[in-house]
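Engineer: Starting from these lines, generate the structure:
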Amino acid sequence: MAPARNKILEGNKRSSQSDTACPASENERVCSNLFRAISHDMRTPLASIIGNSLTLQENWELLSDLEKLAGVAKIYEDSDWLINMVENLLAVTRMREDNAAIHTSEELVEEVIGEALQKLEKRHPGSTVHVTIPENYIFLPMDALLIEQVIINLLENALNRSCGRKPVELFVEECGEMLSFTVRDCGTAIPEDALEHPFEGTFCTAADAQRGWGIMIVTCKAILDAHQGALTIRNHRYGAEFVFTLPKAKEENI
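Structural biologist: Predicted coordinates for the structure are as follows:
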């Protein structure tokens with residue numbers, strides 16, 4: 001899943017303005033969306049863990065070895081998912097401790113993507129992600145760990161939506177004063193009503209609800225807002241694509 005240094009053929013050409021809400025109201029909005037996402041997304045895995053645990057506990061002698069293994073595997077899968085959600089919540093908490101202030105440094109985009117792909121590989125061994133980035137080296141002001149979390153969230157969502165049928169694609173393109181990242185999957189189209197209010201904590205299709213996408217999408221939006229970036233969700237011919245932008249460093253006049 002190493003990035004390929006190819007010229008970009010397609011990608012997002014749009015740049016977006018950051019939200020202008022005051023820090024207090026913005027924090028309140030993010031917290032409200034997170035609470036809504038938590039109540040919406042965490043019920044399913046918690047219920048699954050409890051259900052499978054009770055089944056194993058009460059029917060251990062009656063279950064076959066394969067059934068026991070399947071139950072334990074499901075508990076592990078749901079627990080791993082919950083750990084990933086906690087990491088998202090901690091990322092937002094860390095970012096919001098100083099009224100959404102973040103500490104940025106100039107980071108090489110290729111290295112940040114590479115770190116995100118390595119972490120993704122541990123969660124999804126053998127998965128395929130086709131990455132296309134500009135030939136020139138690009139440095140952006142960012143909190144590298146937070147942006148890695150955004151990339152991991154979007155790529156993991158794309159892998160889940162594509163169900164392994166086709167590789168997931170990540171395009172990086174320079175768009176004036178912004179850098180655009182497009183994550184494209186080959187899943188089903190997102191219903192139009194879900195696209196109308198994607199950041200309110202309940203954004204999902206049936207498959208997305210099972211994977212708790214509400215928490216991840218709220219996390220991505222909060223991180224990108226703090227970086228003066230933007231996130232756009234839309235459908236394409238063979239599925240959906242999630243496009244986020246980050247501003248380049250401003251050149252100081254000498």
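Engineer: pretty sure H130 contacts E169?
Structural biologist: Yes - between H130 and E169 there is a contact under Cβ atoms under 8 Å: 4.9 Å. In this view, the C-beta of every residue, glycine as well, is placed from N, C-alpha and C.
Engineer: who's more crowded, these two?
Structural biologist: E169 (20 against 15; other Cβ atoms under 10 Å).
Engineer: isn't there a strand covering the more buried one?
Structural biologist: Yes - counting by DSSP: H, G, I helix; E, B strand; the rest coil, E169 falls inside a strand.
Engineer: Could you measure from it over to T219?
Structural biologist: 22 Å (Cβ to Cβ, to the nearest Å).
Engineer: before we move on, which element is the residue most central in space within the chain in?
Structural biologist: In the chain, the centroid-proximal residue (Cα atoms, centre = their mean) is N153; its distance is 2.0 Å. Using DSSP states H and E, N153 sits in helix 144-162.
Engineer: I'd like the average pLDDT over that helix.
Structural biologist: For helix 144-162, mean pLDDT rounds to 91.
Engineer: helices and strands around that helix, which ones?
Structural biologist: On a contact count with 3 or more Cβ pairs under 8 Å, 6 or more residues apart in numbering; DSSP states H and E, helix 144-162 meets helix 65-96, strand 105-108, helix 109-123, strand 168-175, strand 178-184, helix 206-210, helix 213-226, strand 239-247.
Engineer: Can you check what angle separates it from helix 109-123?
Structural biologist: Counting by axes from the mean of the first three to the mean of the last three Cα atoms, to 10 degrees, helix 144-162 lies at 50 degrees to helix 109-123.
Engineer: in helix 144-162, what's buried?
Structural biologist: For helix 144-162, a neighbour-count test (16 or more other Cβ atoms under 10 Å) marks 144, 146-162 as buried.
Engineer: coming back round to it: the helices and strands packed on helix 144-162: lowest mean pLDDT?
Structural biologist: helix 206-210 (a mean of 48).
Engineer: Surely I233 and I190 touch.
Structural biologist: Yes - between I233 and I190 there is a contact under Cβ under 8 Å: 6.8 Å.
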